[in-house]
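*Asks:* Predicted model, plus sequence, below.
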Amino acid sequence: MLQQILAELAETDTRLVAVSKTKPAEQILEMYQQGQRIFGENRVQELIEKQATLPKDIEWHAIGHLQTNKVKYISAFVSLIHSVDSLKLLTEINKQALKHERIIDCLLQIKIAAEDSKFGLSLADAAELVASERFSELTNIRIVGVMGMATFTEDEDQVRGEFRHLKSCFDQLKTGYFSDQASFAEISMGMSGDYRIAQEEGSTMVRIGSLLFGAR
């Protein structure tokens, strides 16, 4: 299944984040041996345990809702944090990155789903955040794009509309605030059930778990 998905994604240069939450290190290693290098974890505890035992060239992505008090545990090694939804969180990531003398790449999580359970900023919130003086002082983080989760529904038109909205948010933020930054290039959208739609709508990065690892 991994090779099939990679072949599909290669058509649009979309990268695969293999979502390995709740799965043992052995299964991750198996996929690593097939060439997969980007893995995403929702829980900080799992992320630090797996990072300690698995190959060091794995690119670890934090994809779940991240609490500020947990940032310090992953700041030495995390490659990308997908779920930044507040200036407070971004400030803490910056603080911890500074301690490790590194710059941590982050995505702004935009709320595109109709469900109240989903986290994220509105486009207006995101624009206000990146335009703020406080944001301009954060020198150890780099915003490289946006992330969003579509509504969990069978209605493909709704999902497509939500992904289009995220792409529009990306375009507006790029034009308004990041036009001179080539690094602002990522749109993390699409999961096991809707990644093909996301790919069609401009996703640069899909987060796939159950299709690869089986149901949780």
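*Replies:* Received it, and whenever you're ready, just let me know what you need. Numbers count the residues shown, from 1 in each chain.
*Asks:* what's the single longest helix in this protein?
*Replies:* In the chain, with assignment by DSSP state H, the single longest helix is helix 156-177.
*Asks:* Pull out the buried residues from that one.
*Replies:* 159-160, 162-163, 165-167, 169-170, 173, 177 (16 or more other Cβ atoms under 10 Å). Where C-beta positions appear, they are placed from N, C-alpha and C, glycine not excepted.
*Asks:* How about stretch 197-205?
*Replies:* Those would be 197-199, 201-205, for stretch 197-205 by 16+ other Cβ under 10 Å.
*Asks:* now the residue lying farthest from the centre of the chain: how far from Phe39?
*Replies:* Residue farthest from the centre of the chain, counting by Cα atoms, centre = their mean, is Glu133 at 24.9 Å. Per Cβ to Cβ, to the nearest Å, Glu133 is found 36 Å from Phe39.
*Asks:* mind listing the helices for this protein?
*Replies:* Ranges of helices in the chain, per DSSP H, are 2-10, 25-33, 44-53, 71-74, 87-99, 123-131, 133-136, 156-177, 195-200, 210-213.
*Asks:* what mean pLDDT would you report for the longest one?
*Replies:* Taken as a whole, helix 156-177 has a mean pLDDT of 98.
*Asks:* And the last one, by the same measure?
*Replies:* pLDDT averaged over helix 210-213 equals 96, rounded to a whole number.
*Asks:* do the fifth one as well
*Replies:* Taken as a whole, helix 87-99 has an average pLDDT of 98.
*Asks:* same for it, what does it pack against?
*Replies:* Here helix 87-99 is seen to pack against helix 71-74, strand 80-84, strand 104-109, helix 133-136, strand 141-147 when contacts are counted using 3 or more Cβ pairs under 8 Å, 6 or more residues apart in numbering; DSSP states H and E.
*Asks:* Of all those, which one is nearest Asp57?
*Replies:* Among these, the nearest to Asp57 by Cβ to Cβ is strand 80-84 (15.0 Å).
*Asks:* pretty sure Glu156 is touching Ile197, no?
*Replies:* Yes. Counting by Cβ atoms under 8 Å, Ile197 is a contact partner of Glu156 at 6.3 Å.
*Asks:* residues in contact with the residue nearest the centre of the chain?
*Replies:* The centre of the chain sits closest to His82, judged by Cα atoms, centre = their mean, with a distance of 2.9 Å. Shown in contact with His82 (Cβ atoms under 8 Å, 6 or more residues apart in numbering): 40, 61-63, 107, 109, 147, 188, 207.
*Asks:* one more time with 6 Å
*Replies:* 63, 107, 147, 188 (Cβ atoms under 6 Å, 6 or more residues apart in numbering).
*Asks:* That one and Glu11, how far apart?
*Replies:* For His82, the distance to Glu11 equals 23 Å [Cβ to Cβ].
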